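Visitor: Predicted model, plus sequence, below.
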Amino acid sequence: MSEYPATTLALNKGKYYVLLTIPVELRQHFDGRKQLKRSTSTSDLRDAKRRQHNIATELYGQLDACKPDIRDMISDLLGYIGEADEVQRLEDEGHLEGLIQGAKNLEYGEDPENDTAVEVVNENAVKALEIYREWKAKEGRGPIHPGTLLFSVASREYLETKP
């Protein structure tokens, strides 16, 4: 889930509704609507607050479903290097950033007619590199070295042995 506005509760016709403002860049997917609205099916404020979290999660899921996959965006900018899983494979193997850098630093050839194509490739690679770096910054983690014990694995193993 990306960073979206917080949901609010509003009383309308005796029932509480969960309201979520749709970010401007996603409104086109919702026929220009500015808010998503779901009923909590209750008129009790305390009960509505308890139900708000689950409803908000559903609403955020709708927003997430409209956003393009970052890996597909990178592939498109580089001239289609494969589906999202292929881009992820390149990233997992440590080749994706080098591929983007190679496209960014593509040199002009002897034929001036190709210079326009080279410029387009360079510009798209710059955009792809920005998207790649934002993606990595949001993940907030560096490369995982072989043999590293992950907390998620260790905690699962611990909980399996210590009920």
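Guide: Nice, I can see it.
Visitor: Which secondary structure elements does the longest strand belonging to the chain sit against?
Guide: The residue-count maximum for a strand in the chain (DSSP state E) belongs to strand 15-21. The contact analysis (3 or more CB pairs under 8 Å, 6 or more residues apart in numbering; DSSP states H and E) places strand 15-21 against strand 8-12, strand 35-39, helix 45-66. Backbone N, C-alpha and C define where each C-beta goes, glycine included.
Visitor: next one: phi and psi at the residue sitting furthest away from the middle of the chain?
Guide: Here the chain reaches farthest from its C-alpha mean at E110, the gap being 40.3 Å by CA atoms, centre = their mean. For E110, the backbone dihedrals (degrees, to the nearest 10) come out as phi -80, psi -20.
Visitor: so how far is N122 from it?
Guide: 17 Å (CB to CB, to the nearest Å).
Visitor: show me the contacts for V18.
Guide: 7-9, 37-40, 51-52, 55-56, 59 (CB atoms under 8 Å, 6 or more residues apart in numbering).
Visitor: what about 6 Å?
Guide: For V18, the contact set (CB atoms under 6 Å, 6 or more residues apart in numbering) comprises 7, 38, 52, 55-56.
Visitor: likewise I70?
Guide: W135.
Visitor: run the last query once more with 7 Å
Guide: 131, 135 (CB atoms under 7 Å, 6 or more residues apart in numbering).
Visitor: And it, what's its pLDDT?
Guide: I70 carries a pLDDT score of 83 in this model.
Visitor: Where do the domain boundaries of this protein fall?
Guide: Using automatic domain parsing, the domain parsing of the chain gives 8-66, 70-155.
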